[in-house]
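1. My questions concern the predicted model and sequence given below.
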Amino acid sequence: MKYLGIKPKRPKIAVFDFTGCEGCELQLVNKEETVIDFLGSVDVINFREISSTISNDFEVAFIEGAITRDDEINRLNEIREQAKVLIALGSCACFGGVNRLKNAYDFKKANQEVYGKQHKETLPARAVKEIIAVDLQIPGCPVDKPEVERIVQHLVWDVPYQFPAYPVCFECKQQYTTCVFELGQLCLGPVTQGGCRAPCPVGGSGCWGCRGPAADPHLKEFLQIADEREFSRKEINERLSFYSGFEGML
Amino acid sequence: MKTDLNVDVHHLTRIEGHGNIEVQIKDGKIQEARWDVVETPRYFEVMLKGKHFSSAGFLTARICGICSFGHCLASLRATEQAFGITITDKATKLRLLAKHGETLQSHILHLFFLAAPDFLEVPSAIPLIESHPDAVAMALRLKSLGNRICEVVGGRATHPVSLLVGGVARSPDELPGLRDELENALVDLGAATELVRTFEIPDFHRETEYVSLKGEDQYPFIGGRLVSSDGIEKAEQEYAAMTNEYVDQRNTSKWCKLSRESFAVGALARFNNNYHLLHPQALETASTLGLDPVCHNPFMNNIAQLVECVHIVNDSIQLIDALMESDSELTMVPVTPQAGEGVGAVEVPRGILYHHYNYNKDGYIVKANCVIPTTQNNANIHHALNDLVTKYAEEGMKSDRLELLCSMLVRSYDPCISCSVH
């Protein structure tokens, strides 16, 4: 691959999965029309879910999943030592994601309910940045593959990436979608960071805030509007805490 | 020949999630032959408690990044059963179409990108881009089609946004285009069959109990009675007596059993229990690839997945025809929560999945239980591994070849480990 006759860098990348559904790393091999070019623009040297070639000589590490056990902390520290660039991939890695919902429950009782008398180790779910330094966060549940492609293009051409400052609401309006608030549904589109092309409100279910807060999210005004439209605080809080991207702002 | 053999695979590659294989043979005797799941527990059943019914489908989709549609559909069905809701015929067809899209993308992902490298003797599908460009292009077209069906009906390929309690949020207008692509996919599946015919499937048979939904007049995917090849039949609501989950000390996934020490679910189980309901073209593919019911070779699950792809592509064409002929545009029915419980059983790519919720009168979950296909398969993988090692160790196989065969056996089940440790 060349652009204007110039060959890009071909960074050695690794993909590591922690606590999560592995849906974000799956996005890396989705979008089939460009996946061969995408995989060709990088040197995949450690990606357990798709390859048996495993090497630790990587430069860029993508981390998927939240951190919920001691052995994961050790693994994460080792990856950080090796990686020149460490990227949190998806809402679980960026915020803890839906995994963080378990933190509201008593772990002893939770363990009893799921495993009975057998004890299985678990820690409160945490984001990757709460354990080690993170160079870049790509939120989303799952991540938006076109956005990941753009970010990787920036990586191979050595150009910093700028996330959009506008909220999801903006991208929804661009598609002439009937506002789901008008349909009587709750939507976090006005306060959530854009860049995903608003699949959830466009698809009919309102935004659930998986990408976390937009720059300057006007949360107070949003809550005022939600109150006016008679959504209960319980419902609003369930929505805002769903992916834990608004953690600490409620 | 009495030999010493060791296989130690930490975090097996080319599968979803984290599992280990450990084999120790001393003087020709098995000391240990284990399949252990070490994935971190997530406690979804606990997280569901206190959640509103409108959150359940979105939350449980996150159990799995590969079969998120299946989880969402099982969740919606459980909720709708609890509330006594019957969705419209159009919504039923749209959901099945979305389900087919997911099965297609998941089976093709597994067969050509995770399992095929073993049969073609490469470490991953990446070198195949150069060595087998036509096959890779064919597999990518099929996978892409599966994903696009999901996008058209469910709003996106992973973690659907348009599947809601009460039906489907909208009626898509992209169906005619999909129909054309499905017709083309039948040609691709012909080429896929020719390629898979060259795969050397290990000759390993192990008497197994197979559990799946029981088809009445069509090959089953969403809801219905439960059946085992050992002759047990139960209602959907009696799923707990069909799965009998228990905790193994060394595994974070639970194990299951029914008539024997373990049983299997998945494409091969569905094929074995319902082959008479497959599309004739799918039966022809099965016959071409030497898959005859009832088949007890776990490696043939790979073949059963391709057979199912042929079935679902044909069935999707018929579904689209029926949807385009339908006069009704209604895809949603009103939803009124009520106290009660419901079970949703859905055949997801890796086997039968159950969601079970108890609701209070306001539509908040009081208790939840999810029984995952790979959870049901894990004990069977473990025991099959033992028998495989016994057979080949007696034949004097070398460690590296045994490691490959053990890995291939686990991959044949297409395990979804994160899912199994939800």
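-> That came in fine, so what should we check first? Just so it is clear, the model here is predicted, and its values are computed rather than measured. Numbers count the residues shown, from 1 in each chain, chains lettered A, B, ... in the order given.
2. Would you mind measuring the gap between the ends of stretch B:221-239?
-> 15 Å (Cα to Cα, to the nearest Å).
3. And the contacts of stretch B:288-297?
-> Residues outside stretch B:288-297 that contact it (Cβ atoms under 8 Å, 6 or more residues apart in numbering or on different chains): B:193, B:196-197, B:201-208, B:210, B:229, B:268, B:271-272, B:275, B:286, B:300, B:303-304, B:306-307. Yep, even glycine has a C-beta here, placed from its N, CA and C like the rest.
4. scratch that, stretch B:196-207 is what I was asking about
-> Contacts with stretch B:196-207, where a contact means Cβ under 8 Å, 6+ apart, come from B:111, B:116, B:119, B:288-290, B:296-300, B:302-303, B:306, B:384, B:387-388, B:391, B:405, B:408-409.
5. in that stretch, what's buried?
-> Judged by neighbour count (16 or more other Cβ atoms under 10 Å in any protein chain shown), stretch B:196-207 contains these buried residues: B:196, B:199, B:201, B:202, B:204, B:206.
6. closest to residue B:372 among those residues?
-> residue B:206 (22.3 Å; Cβ to Cβ).
7. In helices, which of the buried residues of stretch B:196-207 fall?
-> Using DSSP state H, the members of these that fall in helices are residue B:196.
8. Let's have the buried residues of stretch B:196-207 in JSON lines, adding pLDDT.
-> Formatted as JSON lines, these follow (pLDDT from 0 to 100):
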{"residue": "B:196", "pLDDT": "98"}
{"residue": "B:199", "pLDDT": "98"}
{"residue": "B:201", "pLDDT": "97"}
{"residue": "B:202", "pLDDT": "96"}
{"residue": "B:204", "pLDDT": "96"}
{"residue": "B:206", "pLDDT": "97"}
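9. any idea which residue sits dead centre in chain A?
-> residue A:90 (1.9 Å; Cα atoms, centre = their mean).
10. Setting aside sequence neighbours, what's the nearest residue to that one?
-> Nearest residue to residue A:90, sequence neighbours excluded (Cβ to Cβ, 6 or more residues apart in numbering or on different chains): residue A:24, at 3.5 Å.
11. Mind pulling the model confidence for that neighbour?
-> Here the pLDDT value assigned to residue A:24 is 97.
12. How about residue B:327?
-> Per-residue confidence (pLDDT) for residue B:327: 82.
13. What is the neighbour count of it?
-> The local packing of residue B:327 (other Cβ atoms under 10 Å in any protein chain shown) involves 6 other residues.
14. Tell me which residue in chain A sits closest to chain B.
-> Per Cβ to the nearest Cβ, residue A:23 is where chain A lies closest to chain B, at 2.2 Å.
15. What residues does that residue make contact with?
-> Residue A:23 makes contacts with A:90, A:141, A:142, B:62, B:64, B:65, B:66, B:68, B:158, B:159, as judged by Cβ under 8 Å, 6+ apart.
16. So chain A: which segments form each domain?
-> Using automatic domain parsing, the domain ranges for chain A come out as A:12-157, A:168-241.
17. need the contact list for the closest residue to residue B:26 other than its chain neighbours.
-> With sequence-adjacent residues excluded and distances taken as Cβ to Cβ, 6+ apart, residue B:26 is closest to residue B:4, at 5.5 Å. By Cβ under 8 Å, 6+ apart, the contact list for residue B:4 reads B:25, B:26, B:27.
18. ok, and the most crowded of these?
-> Neighbour max across the contacts of residue B:4 (other Cβ under 10 Å) = residue B:25, 23 neighbours.
19. quick one: which helix or strand includes that residue?
-> strand B:19-26 (DSSP states H and E).
20. how far does that strand sit from the chain's center?
-> Mean-position distance between strand B:19-26 and its chain equals 26 Å (Cα atoms, centre = their mean, to the nearest Å).
21. Return the set of buried residues in whichever helix or strand comes after it.
-> Using DSSP H and E, the helix or strand that follows strand B:19-26 in sequence is strand B:29-37. By 16+ other Cβ under 10 Å, the buried positions in strand B:29-37 come out as B:33, B:35, B:36, B:37.
22. tell me the mean pLDDT over strand B:29-37?
-> If you average the pLDDT over strand B:29-37, you get 92.
23. what lines up beside that strand in the sheet?
-> Note on strand B:29-37: by DSSP bridges, its sheet partners are strand B:19-26 (antiparallel).
24. Going by neighbour count, which residues in the partner strand are buried?
-> B:19, B:20, B:21, B:22, B:23, B:24, B:25.
25. Confidence-wise, which of the residues you listed comes last?
-> Lowest pLDDT among the buried residues of strand B:19-26: residue B:25, with 90.
26. just checking, it touches residue B:392?
-> No - taking contacts as Cβ atoms under 8 Å, residue B:25 lies outside contact range of residue B:392: 10.0 Å.
27. Excluding sequence neighbours, find me the nearest residue to the one residue in the stretch 301-422 of chain B that gets nearest to chain A.
-> At 5.4 Å from chain A, residue B:418 is the closest residue in the stretch 301-422 of chain B, using Cβ to the nearest Cβ. What sits nearest to residue B:418 in space, not counting adjacent residues and going by Cβ to Cβ, 6+ apart, is residue B:17, at 4.4 Å.
28. likewise residue B:301?
-> residue B:268 is the one closest to residue B:301 (Cβ to Cβ, 6+ apart), at 4.2 Å.
29. before we move on, what about residue B:269?
-> Per Cβ to Cβ, 6+ apart, closest to residue B:269 is residue B:210, 3.8 Å.
30. With residue B:382 instead?
-> residue B:35 (4.3 Å).
31. residues in contact with the one you found?
-> Counting by Cβ under 8 Å, 6+ apart, residue B:35 has contacts B:19, B:20, B:21, B:378, B:381, B:382, B:385, B:410.
32. With residue B:308 instead?
-> B:103, B:107, B:267, B:270, B:271, B:282.
33. Show only the entries of those residues found in helices.
-> Filtering the contacts of residue B:308 for helices - DSSP H - leaves B:103, B:107, B:267, B:270, B:271, B:282.
34. Out of those residues, the closest to residue B:317 would be?
-> residue B:282 (12.8 Å).
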